[in-house]
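Trainee: A structural model of the following input is requested.
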Amino acid sequence: MPAPFPILLSAATDVVRSRITSARIDSFSQWWELPAVVIAVVAILALVFWIYRRDSVELSRSAGIGLALLRGSALGCLVAAYLDFERTTEHELVFPSRVAVLVDSSASMTIEDEPPENVDSVSLPASRMNRSEHAINVLESGGLLEEISKTHEVSLWRFDADAQSLAVFPIDSFASTLSDGVNNGEQSPDAFLKDRDELSEHNGDSSLSQSEFARQQTARWRDGIMPRGSETRIGEALKTVVDQEPPGLLAAVVVLSDGANNAGIDPRATVSSLVAQGVRVFPLGIGSQRLPVNVRVADLLVPARVFPGDRFAATGQLQAQGLEGSSVQVELAEVPSDDGSGTQRVIDQTFVTLAADGQVTSVRFDVPGMPSPGRRMLSLRVVPPPSDRSESDNQQAVEIEVVDRVTQVLLLAGGPGREYQFMRNVLMRDDSFAVDVLLQTAVSGASQDARRILQEFPATAKEISEYDAIVAIDPDFRKFDPAAMARLAQWVEKESGGLLLMAGNVFMDAWLADPTTASIRNLYPIELRRRVQLVVDEPAGFDEPMPLEFSRDGQDAEFLWLASSAIASQTVWSEFPGVYSCFDAVRAKPGATVYARAKRLGATGAPDTLPIYCAGQFYGSGSVFYVGSGETWRLRSVDETLYERLSTQLLRHVSQGRLLRGSRRASVLIERDRYVVGSNVVVRIVMPEGDTAKITTCRVVSPDGTTAPMPLSIDPVRSGILLGGFAANLQGTWRIDVTLGDGSGEIITRRVQARLPDRELERPKLDRSLLEQISAATGGESTMLDGVVWDRDDSVALALKIPDRSRREYEAGAPDSSFKERLNSILLACGTGLLCFEWILRRLMRLA
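Mentor: Next up, the predicted model:
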């Protein structure tokens with residue numbers, strides 16, 4: 001998703017006025033200076049009148065007063081010149097009131113609620129939407145944004161595990177955007193051009209029309225609030241909004257959420273800061289406290305690959321609502337795949353007692369094994385009770401690969417470090433791997449515990465093609481000739497090879513300084529700089545370990561899990577003290593994914609400034625995974641089995657492209673087989689021959705059976721690769737079908753699973769109590785939309801309850817120099833004219 005609009009403090013300058021002030025008086029810094037000037041002026045005038053009274057004793061009273069007034073007026077011109085009057089132009093700045101609209105984008109917003117029993121479902125169209133669609137309906141069709149924007153600026157946010165600003169709409173601009181996609185002129189041209197340039201900067205187009213800008217802006221925030229988060233943090237979202245919105249202008253926060261806060265700080269703890277700033281909260285509860293009676297298959301966990309005849313476990317997860325304590329029949333079956341292969345047979349069945357609402361019930365099946373190699377489809381089906389309200393989620397199928405060969409691994413290391421030794425031992429004990437070793441510092445004839453001991457890197461493409469994965473632990477690539485480097489890159493790119501790279505502090509800096517290793521640097525998913533970039537630590541390492549900080553991608557990546565679920569895995573990782581070294585690379589290459597960073601204790605700064613410890617990328621049809629140092633063996637300090645699990649999972653991950661190649665003419669690659677609901681699935685289609693025109697169509701089949709075409713684009717970096725993607729916004733199995741247009745009619749299929757996060761599964765009900773407490777504490781008002789149709793009248797009523805906190809300020813411009821010149825000329829002319837006229841009168845009256 002593109003970067004969000006920044007939260008700008010905009011102001012309108014509709015009123016311009018002029019003020020005349022005294023520069024002399026404005027320069028006074030002491031309290032007594034102005035009174036002293038006034039006293040002096042009064043004293044001088046009194047002296048003038050006293051003198052003229054004595055001079056005009058022999059004259060008439062009117063003549064004496066006229067002469068005194070002439071001299072006093074002349075002195076007034078001098079006083080005016082001394083006070084240094086100047087004219088300045090002031091602009092009235094109107095800072096509009098701001099209302100922040102927070103939309104819940106967590107995965108629980110994909111739930112489709114059942115209408116209340118006392119509501120006619122025909123008259124309640126919103127009840128047939130999921131919660132996210134209901135929120136969009138309130139914002140657009142319900143007129144909420146339009147009505148609020150008539151008085152306030154609207155700042156639109158999305159929140160789940162974090163909060164992010166999506167757009168800021170000026171006053172009266174949203175109504176025209178929603179009605180016809182074109183701004184009707186009520187938004188100032190400068191504001192429009194500024195926002196348009198910000199959007200164009202992301203899209204690379206500097207000539208967006210006003211209507212195109214409005215259309216893209218609407219599409220942008222719609223995409224932004226698509227449910228994809230694994231947590232709901234209402235408290236942290238409110239705190240972020242208060243901290244980042246302009247102080248003194250934020251009038252209210254409107255929250256559209258189901259209120260199921262399941263992580264972060266308690267929302268009640270943020271009430272004090274909201275009250276202190278006078279910000280009211282108006283929650284709109286979306287969801288239902290009465291979920292439909294239903295049992296569904298939440299997940300089916302099976303190994304990605306098994307050997308023929310080997311026993312393996314298949315674990316299903318069931319979630320139910322309104323069926324606590326009920327017993328249901330669950331069966332595991334093999335079903336035919338899309339190409340017609342496989343058989344229809346029930347493998348096993350059992351009865352399961354369902355847990356409380358929202359809780360997950362696990363059921364395990366021990367499968368005796370698959371008789372022959374190939375791809376098989378396993379299906380878990382629950383036989384629902386008669387009261388079950390949905391049949392579409394009673395079954396889930398996953399694909400399993402039955403392979404009749406072991407994974408061929410080449411273990412390459414610069415020296416016999418601990419990572420090399422432990423990795424070799426793990427692979428030798430695992431029957432699913434066959435390992436050859438190439439220890440670059442070993443002398444000829446040295447004994448190694450491996451199938452074969454190599455003295456040099458495979459000399460031909462045929463020899464290297466025998467391997468499915470290569471593990472390189474701090475290797476010295478200076479010992480590779482250019483042809484060997486080219487073979488390695490070709491093996492990854494064209495032969496779907498899997499490469500696991502581990503940085504080190506012995507050889508890495510040396511080969512980075514060698515310009516002949518450019519092709520090797522291209523394989524790394526991180527930006528490597530030569531010579532100036534050293535390992536973070538000295539050779540001895542830090543005294544304190546650096547814990548690993550996982551990104552969202554890292555938390556969702558199952559090949560990095562050390563337990564059966566993401567939450568349990570993070571708990572195990574939190575027990576790991578950390579690593580003592582990490583190569584100092586903070587930037588990933590375009591298209592690469594950062595999974596974890598090493599955080600030195602006491603380090604400050606943004607997360608993207610920390611050195612990358614785990615990252616991965618697709619390189620052609622192959623997969624490359626990078627580890628910042630050879631210290632994963634330290635997991636043994638927590639549990640010896642953790643290192644074995646991580647090592648084997650990493651190798652199976654990088655070798656998936658080679659072992660699961662379904663066609664020699666094309667390969668379909670994805671980062672992983674399981675995603676959180678709402679995630680963006682990036683699809684790469686690799687043509688070994690480089691002829692992307694052979695791809696005729698690519699379709700995506702959603703869990704509800706809907707088929708949609710997936711647009712493809714040519715990779716601008718590497719030839720023979722097509723890129724596509726889709727948003728997995730429904731729970732269940734998504735199927736990707738690629739049809740080859742070479743006349744063979746072959747269809748290449750790949751499946752991915754989308755599931756709700758564990759925390760979003762636990763509490764899917766509307767938390768009415770929490771939302772009402774927040775609104776009551778801040779002086780707002782909560783509205784629960786369970787069984788309520790939100791219309792424009794409701795939006796008008798809500799907008800009227802929000803106070804206008806707009807502020808007016810005046811900004812002074814530069815003094816008008818021409819005004820000062822004219823004024824001084826007039827004062828000079830008047831003063832001299834008055835003195836001359838007085839002198840003439842005095843001569844006529846025979847005064848001295």
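Trainee: what about the stretch 1-150 of the chain, any weak spots by pLDDT?
Mentor: Along the stretch 1-150 of the chain, the model assigns pLDDT under 70 to residues 1-15, 114-128.
Trainee: I'd assumed residue 454 was in contact with residue 437.
Mentor: Yes - counting by Cβ atoms under 8 Å, residue 437 does reach residue 454; the two are 6.9 Å apart. For glycine as for every other residue, the C-beta is placed from the backbone atoms N, C-alpha and C.
Trainee: Compare these two (neighbour count), which wins?
Mentor: More neighbours surround residue 437 than the other of residue 437 and residue 454, with 24 against 17 (other Cβ atoms under 10 Å).
Trainee: measure that one to residue 384 for me?
Mentor: 54 Å (Cβ to Cβ, to the nearest Å).
Trainee: Please apply the same query to residue 505.
Mentor: Separation of residue 505 from residue 384 (Cβ to Cβ): 59 Å.
Trainee: again with residue 581
Mentor: Residue 581 sits at a distance of 54 Å from residue 384 (criterion: Cβ to Cβ).
Trainee: in the stretch 201-350 of the chain, which spans are helices?
Mentor: Secondary structure of the stretch 201-350 of the chain (DSSP state H, counting those that start in this stretch): helices located at 210-224, 234-244, 271-276.
Trainee: Touching stretch 554-571 from outside, list them.
Mentor: 230, 301, 315, 550, 572-573, 594-596, 614, 635, 642, 645-646, 649-650, 652-653, 671-676, 679, 757-759 (Cβ atoms under 8 Å, 6 or more residues apart in numbering).
Trainee: give me that answer again for 7 Å
Mentor: Outside stretch 554-571, the residues within contact range by Cβ atoms under 7 Å, 6 or more residues apart in numbering are 572-573, 595-596, 614, 642, 645-646, 649-650, 653, 672, 674-676, 758.
Trainee: Can you name every helix or strand that the longest helix belonging to the chain contacts?
Mentor: Ranked by residue count and defined by DSSP state H, the top helix of the chain is helix 817-844. If contacts are counted by 3 or more Cβ pairs under 7 Å, 6 or more residues apart in numbering; DSSP states H and E, helix 817-844 sits against helix 61-83, strand 85-95.
Trainee: Can you lay out those as TSV showing mean neighbour count and distance to residue 527?
Mentor: Listed next are these as TSV, based on neighbours: other Cβ atoms under 10 Å; distance: least, Cβ to Cβ, whole Å:
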stretch	mean neighbour count	distance to residue 527
helix 61-83	16	65
strand 85-95	16	42
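Trainee: TSV for these, including distance to residue 105?
Mentor: Formatted as TSV, the helices and strands packed on helix 817-844 follow (distance: least, Cβ to Cβ, whole Å):
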stretch	distance to residue 105
helix 61-83	62
strand 85-95	29
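Trainee: Among the contacts of stretch 554-571, which lie within helices?
Mentor: 572-573, 642, 645-646, 649-650, 653, 758.
Trainee: Those residues: which two are farthest apart?
Mentor: Spanning the widest gap among those are 650 and 758, at 23.4 Å by Cβ to Cβ.
Trainee: which of those two has more neighbours?
Mentor: Neighbour totals were compared for residue 650 and residue 758, and residue 650 leads with 22 against 18 (other Cβ under 10 Å).
Trainee: Tell me who's in contact with that one.
Mentor: Contacts here follow Cβ under 7 Å, 6+ apart; on that basis residue 650 touches 500, 559, 625.
Trainee: pLDDT-wise, what's the bottom of the residues you listed?
Mentor: Across these, the smallest pLDDT goes to residue 559, namely 89.
Trainee: low pLDDT regions in the stretch 251-400 of the chain?
Mentor: Applying pLDDT under 70 to the stretch 251-400 of the chain flags residues 338-342.
Trainee: what ranges do the strands span in it?
Mentor: For the stretch 251-400 of the chain, the strands defined by DSSP state E, counting those that start in this stretch occupy 280-285, 294-301, 305-306, 312-321, 327-335, 345-353, 360-367, 374-383, 395-402.
Trainee: Buried deepest among the ones you listed, which one?
Mentor: Across the strands of the stretch 251-400 of the chain, averaging neighbours per residue (mean count of other Cβ atoms under 10 Å) puts strand 280-285 on top, at a mean of 26.
Trainee: okay, the helices of the stretch 201-350 of the chain in CSV with distance to residue 392 and mean neighbour count next?
Mentor: Shown next, in CSV, are the helices of the stretch 201-350 of the chain (distance: least, Cβ to Cβ, whole Å; neighbours: other Cβ atoms under 10 Å):
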stretch, distance to residue 392, mean neighbour count
helix 210-224, 25, 18
helix 234-244, 30, 22
helix 271-276, 41, 15
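Trainee: do you know which of these lies nearest residue 73?
Mentor: When the helices of the stretch 201-350 of the chain are compared by Cβ to Cβ, helix 271-276 sits nearest residue 73, at 58.0 Å.
Trainee: ok, and what's touching that closest one?
Mentor: Contact with helix 271-276 is made by 238-239, 242, 281, 774, 777-778, as judged by Cβ under 7 Å, 6+ apart.
Trainee: need those in TSV with distance to residue 814, can you?
Mentor: Listed next are those as TSV, based on distance: Cβ to Cβ, whole Å:
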residue	distance to residue 814
238	43
239	42
242	37
281	44
774	49
777	48
778	44
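Trainee: more crowded one of residue 581 and residue 384?
Mentor: A count of neighbours by other Cβ under 10 Å puts residue 581 above the other of residue 581 and residue 384, at 24 against 21.
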